[in-house]
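Q: What follows is a predicted protein model with its sequence.
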Amino acid sequence: MLYESIDKFNKRNTDHQISILGAVINGEDGYVPEGYDAVSDIVRTCTRMGIPLFDRRIVYSRSYPKGSRMAAPISATPYARYWTKVNFTNFMKEFRIKAGV
């Protein structure tokens, strides 16, 4: 739906285009089979529509809601486990490369 909204915006506003850097699979919690089926659907849809996918995914962590109460980045809270911080760091590295930042 977001892709369709961006496409409509770009068609109406030819002087202000929005580019899609890529789709991020997030919220994975390892629950099967629904989780695997959902990811497969996302990959299939992005491939069909020509939307690039980030290689890194954001895995669900219970530290997100706990950290949000502190109004701080996950990495700055005592709730985030090491792997959660590494997951975000790795995603941000890929994001920066794709964005050219």
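A: Everything's here; your move.

Q: packing partners for the longest helix seen in the chain?
A: Longest helix in the chain by number of residues, with DSSP state H as the criterion: helix 82-99. Packing contacts for helix 82-99, counted by 3 or more Cβ pairs under 8 Å, 6 or more residues apart in numbering; DSSP states H and E, involve strand 58-59. C-beta here means a position set from N, CA and C on the backbone, and glycine is covered the same way.

Q: So in that sheet, which strands flank the strand it packs on, and in what orientation?
A: Take DSSP bridges as the rule and strand 58-59 pairs in its sheet with strand 26-28 (parallel).

Q: Can you tell me the closest non-neighbouring residue to Arg57?
A: Once its chain neighbours are removed from consideration, Arg57 has its nearest residue in Ile25; the separation is 4.4 Å (Cβ to Cβ, 6 or more residues apart in numbering).

Q: For Met1, see how far away the one you found is.
A: When distances are taken as Cβ to Cβ, to the nearest Å, Ile25 and Met1 turn out to be 16 Å apart.

Q: Neighbour count for those two, which is higher?
A: Just comparing Ile25 and Met1: by other Cβ atoms under 10 Å the higher neighbour count belongs to Ile25, 17 against 5.

Q: any idea of the pLDDT on that one?
A: As predicted, Ile25 sits at a pLDDT of 88.

Q: so what's it up against?
A: Listed by Cβ atoms under 8 Å, 6 or more residues apart in numbering, the contact partners of Ile25 are 39, 42-43, 53-54, 57-58.

Q: Which ones among those residues lie within strands?
A: Residues from the contacts of Ile25 lying in strands, with DSSP state E as the criterion: Ile58.

Q: Could you write me a ChimeraX select line covering just the buried ones among the contacts of Ile25?
A: Selecting in ChimeraX just the buried members of the contacts of Ile25, where the criterion is 16 or more other Cβ atoms under 10 Å, is done with this command:
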select :54,57,58
